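# Fold the following, please.
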Amino acid sequence: MKVTEENTIKIREEFVEVQNGMRIQKIVMSNSKSSADSRKKKHIVYFPGLTYTFEKEPDEDKSEWNWAAEAGMDVHLINFPGSGKSKGHSLNGQNRVNAGIAVISDLLKQGIHPDNIVLYGSCAGGPIAAEVYKKFKKDDNVHLRCVINKSFSSFKKLVVKLLHISKPKWLFPAIIKFILKCFGWHFKPHTIVNDITPYTICFNLENDGFISKQANIGTKISDIEKSHRKKNYQKKETFEGFEQYKEFFMENTNLAKIKNLEPEVGVMRKCWNKFLSLLPIKADDIHFSSITELCSSSEHKYNLPELISLFLEFTDNYFEKKGSLNQEKQPEIKTEAICGKNSEKEIEEKKQYFTNLKNCSISQSISKNLTSLQILK
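Residues are numbered from 1 along each chain as shown. Got it, this is the predicted structure:
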């Protein structure tokens, strides 16, 4: 394990062995001045998009996570098989899922409680994070928190829109789906994460120039709501007492780019921008913005680090009051499909009841616990 240091940010290199011969490299960012027990910290595991490779040296490409390390969290940046010093290959998408499972299993073996592990998936890393979340939930009854940002509902829809080969509908999309299945890339994250709960949340970009509106996971989730959640995977899990938090995030999950902000551009970002210059996609498109350059499109303009921090804080509070699915004391959950009339009535009742309450509690919470972050007004 090698360690470098930049101000209060300590960066170390670690490796996780996988049974099939893969060896996964991860770069871990932490606060050098924090003496907290690692088992009591929050651990954010970052699943990046297709092309990212993280180096152990401090650079601008990792600086978007400085806020988390400075707040006392450990940030684990995964180099998928074939990138960085990770052995293996990512030709098969399932290898990325296996790498994520290995990293999480290693954290659990270290004694870190599941409630302290947070999966964060961006772009093509979103489906990987969702699959890892699903594996531990279904197979091991371990419930992790999963945050997805600027992702798509399926790789097939993304490829079809990027290549502009949607017609004839019966031919090319079917061929792409077959190829993706053969290479283990036919992921459908919307079948796993399609609601805001104490464990899952999905952020979406407005005017995303890379992922079309039709392929955006946010559009698919909206369609699920309009269809009244008729399919089994669409059934909503209602956590008693979580309504006020859910209502707040429903109003702040659509993201826009912060105006008049000059971002720092690292080496990897510069190379990626050069590649994009060859495609009909602008390098300054909102899709390629770092999380510190994004804010909610609501009137409050919370930046994304604030929203992630609030999600962790609110769900921690909820677990403390109602219990966690990883503890003996567990919250009450109702699983049901929602009909159209009840859905509209429920939304109106929530808006009326929680308007004053959330404005008060949110402002107090931010001023008390997020003083190190810039509050956008």
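
# close enough to count as contact, K41 and D74?
Yes: using CB atoms under 8 Å, K41 is in contact with D74, at 5.5 Å. For glycine as for every other residue, the C-beta is placed from the backbone atoms N, C-alpha and C.

# So which residues of the stretch 151-300 of the chain form strands?
Ranges of strands within the stretch 151-300 of the chain are 200-205, 236-239, 254-257, 294-296, based on DSSP state E, counting those that start in this stretch.

# for those strands, which one sits closest to I27?
Closest to I27 of those is strand 294-296 (CB to CB; 22.1 Å).

# Which element is encountered next along the chain beyond the closest one?
Using DSSP states H and E, the next helix or strand after strand 294-296 towards the C-terminus is helix 304-322.

# circling back: where among the strands of the stretch 151-300 of the chain is average confidence lowest?
Mean pLDDT is lowest for strand 236-239 among the strands of the stretch 151-300 of the chain, at a mean of 82.

# And for K33, the neighbour number?
Close neighbours of K33, defined as other CB atoms under 10 Å, add up to 11.

# quick one on the thing from earlier: which of the strands of the stretch 151-300 of the chain sits closest to N194?
Per CB to CB, nearest to N194 of those: strand 200-205, 7.8 Å.

# Assign G21 to helix, strand or coil.
Here G21 is recorded as coil under DSSP: H, G, I helix; E, B strand; the rest coil.

# low pLDDT regions in this structure?
Low-confidence segments of the chain (pLDDT under 70): 1-7, 58-61, 164-170, 230, 232-234, 260-284, 335-377.

# one more time with 80, if that's ok
Within the chain, the segments meeting pLDDT under 80 span 1-7, 19-21, 35-36, 50-52, 56-61, 157-173, 226-237, 259-285, 328-329, 334-377.

# picking that back up, residues shared between the contacts of K41 and D74?
Counting by CB atoms under 8 Å, 6 or more residues apart in numbering, the shared contacts of K41 and D74 are S30.

# Of these two, which one has the most company?
Between K41 and D74, counting by other CB under 10 Å, D74 is the more crowded of the two (23 against 17).

# dump the residue contacts of that one.
If you count contacts by CB under 8 Å, 6+ apart, D74 has them with V28, M29, S30, S38, K41, K42, H43, I44.

# Do a quick rundown of the helices in the stretch 51-200 of the chain.
60-63, 66-70, 93-109, 125-140, 155-163, 172-182 (DSSP state H, counting those that start in this stretch).

# Distance from the chain centre to the fourth one, please.
Going back to what we said before, that points to helix 125-140. 12 Å (CA atoms, centre = their mean, to the nearest Å).

# got the angle for it vs strand 200-205?
170 degrees (axes from the mean of the first three to the mean of the last three CA atoms, to 10 degrees).

# circling back to that earlier point, so for V142, which of the strands of the stretch 151-300 of the chain sits nearest?
When these are compared by CB to CB, strand 200-205 sits nearest V142, at 14.3 Å.

# buried residues in stretch 139-154?
Buried residues in stretch 139-154, counting neighbours by 16 or more other CB atoms under 10 Å, are found at 142-154.

# Pull out the CA atoms of it and give them to me as CSV.
C-alpha atoms of stretch 139-154 as CSV (Å, rounded to 0.1, in the frame of the first residue of the first chain):
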residue,chain,number,x,y,z
ASP,A,139,-28.4,-13.1,-2.2
ASP,A,140,-27.0,-12.0,1.2
ASN,A,141,-29.8,-9.9,2.7
VAL,A,142,-27.3,-7.0,3.0
HIS,A,143,-28.8,-3.6,2.3
LEU,A,144,-26.4,-0.9,1.0
ARG,A,145,-27.2,2.6,0.0
CYS,A,146,-27.0,3.2,-3.8
VAL,A,147,-26.8,6.6,-5.5
ILE,A,148,-27.0,6.7,-9.3
ASN,A,149,-26.2,9.9,-11.3
LYS,A,150,-26.5,10.7,-15.0
SER,A,151,-27.1,7.2,-16.1
PHE,A,152,-29.3,5.3,-18.7
SER,A,153,-32.2,2.8,-18.5
SER,A,154,-30.4,0.3,-20.7
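
# residue ranges for the helices of the stretch 201-350 of the chain, please.
Counting by DSSP H, counting those that start in this stretch, the helices of the stretch 201-350 of the chain are 217-226, 243-250, 267-276, 304-322, 340-369.

# Summarise which helices and strands the shortest one is packed against.
Under the contact criterion of 3 or more CB pairs under 8 Å, 6 or more residues apart in numbering; DSSP states H and E, helix 243-250 touches helix 304-322, helix 340-369.
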